[in-house]
Structure formats: C-alpha cells, structure tokens
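**Q** sequence first, then the predicted structure:
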Amino acid sequence: MTAIDEQQTTGTAQEGIPGSQLTVDDATSATHPHLPYADAVHAALAELRLWPDLTEAGTRREGTVMGKRQRPELFARLEWLPGHDDLATLDVQAEGLIVEWSHLGGWAIRSGRDLVVLDVDDIAAPATVAEAAMHAALHGLRCACEQPPPGRWEHALYLEIALVAYDERQGARDDDDA
C-alpha cells in the first residue's frame, strides 16, 4: 500500500489529525498543516511539566535571494526565556532555550549563539522532541549524555502529505508571480 492509498483509506490531511486539541478547518489545514503537530509536541512537553514561556507556530518568508522570493517556511517555536526555573545550567539559564521545527530543516535547539540540529526524524515523535528539550534544559546543548529515543510521530504520514501539497501550492503561486 502506498502513502496515497493509506491516506485514502484512513482520511485526508484536510480532516486534521485524530486526537488533536486544535480545531483546524479546511482553510487552516491548507495554510498551516503543521498546527496539530505543534500541538502534540506542546502536549508532550506538558506531560513532562516543561512549559515554555512562548509558543509560536506559523509561516515565515525570509525575503529574497538573487531577486527571487524565498519560499515560505512553516515553523513551530517553543521558547524558555532567560531565568526560567526549568533551565538548570548556567549558560542556558542566562541565554534561554529555543526548540524550533521547520518543515524545510527539521528540529533544532538553540541557546544564545549555540545551535544544535537534533539528530531525530524531521517529524519526530512528540515525546522524542520533549525528551530532547528536557535534556537541553537540564544539561545544556553540548552534553554527551544519552540521546532521546528515536521515533516518528504516529501521524507523520498525514503531515508529510499535507506538507507536499502545501509546497506544491506555494510553488504554483511563485510560478504565477513570475
């Protein structure tokens, strides 16, 4: 069975992700298909009692390169501000912590100028992302401790299909603008 066949037998990306706390209508799921994933990651962090100060999810476009508009990037960003009680190391306590996902680049964790790209699936299981965030909050970004367990989000297939459709729509818009 192909991914498309599985989608047709179990539902469509526009119907949203089963069990999501977000209400995603057809227009929102077309323009921001990653919102249920961001919601699932936030819920996994809540299970660990690691609540970020700021949570954002949306679309950004970083201007132009050589006269061409950059394609939009879907993102989710979770931020613990400097001084947050859950940040245990001095460096992270002073700089704060940002855990960020992009549909173009996957997961990364940043504190100040230090950036670590997580060695996890681009659509990692929310518990995996939450474990990585907890690890960074407690031990810093460069700790050689045990890495979070690998795994994909159980609804990754739906999100992948929605992201491909999103990118195709954006490509068609850019072609129309040219």
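**A** That came through, no problem.
**Q** and the strands in this protein?
**A** Taking DSSP state E as the criterion, the chain carries its strands at 54-60, 64-65, 68-69, 73-80, 97-102, 106-111, 114-117.
**Q** now the weakest link among those, please, by mean pLDDT.
**A** Mean pLDDT is lowest for strand 64-65 among the strands of the chain, at a mean of 56.
**Q** who's in contact with Leu50?
**A** Asp86, Ala130, Ala133, Met134, Ala137 (CB atoms under 8 Å, 6 or more residues apart in numbering). Every C-beta, even on glycine, is put in place using the N, C-alpha and C of the backbone.
**Q** most widely separated two among those residues?
**A** Asp86 and Ala130 (12.1 Å; CB to CB).
**Q** pick out whichever of these two has more residues nearby.
**A** Neighbours were counted for Asp86 and for Ala130 using other CB atoms under 10 Å; Ala130 has more, 24 against 19.
**Q** verify the stated contact: Ile123 with Leu159.
**A** Yes - in terms of CB atoms under 8 Å, Ile123 counts as a neighbour of Leu159; the distance is 5.6 Å.
**Q** list residues touching both of the two?
**A** Counting by CB under 8 Å, 6+ apart, the contacts common to Ile123 and Leu159 are Tyr37, Trp153.
**Q** where does the chain dip in pLDDT?
**A** Counting by pLDDT under 70, the ranges of the chain that qualify are 1-30, 62-70, 172-178.
**Q** now do the helices in it.
**A** Ranges of helices in the chain, per DSSP state H, are 3-10, 26-31, 35-47, 90-95, 126-139, 156-177.
**Q** in TSV, list the ones you listed along with distance to Asp119.
**A** Converted to TSV, the helices of the chain look like this (distance: least, CB to CB, whole Å):
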stretch	distance to Asp119
helix 3-10	24
helix 26-31	29
helix 35-47	17
helix 90-95	19
helix 126-139	9
helix 156-177	17
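**Q** to Arg113, which of those helices lies closest?
**A** Of all the helices of the chain, helix 90-95 comes closest under CB to CB, at 8.2 Å.
**Q** who does the closest one touch, helix- and strand-wise?
**A** Judged by 3 or more CB pairs under 8 Å, 6 or more residues apart in numbering; DSSP states H and E, the packing partners of helix 90-95 are strand 106-111.
**Q** who are the packing partners of the strand it packs on?
**A** By 3+ CB pairs under 8 Å, 6+ apart, strand 106-111 packs against helix 90-95, strand 97-102, strand 114-117, helix 126-139.
**Q** report the strands that pair with the shortest one, each with its relative direction.
**A** What that stands for is strand 114-117. Here strand 114-117 is paired, per DSSP bridges, with strand 106-111 (antiparallel).
**Q** much appreciated, bye for now.
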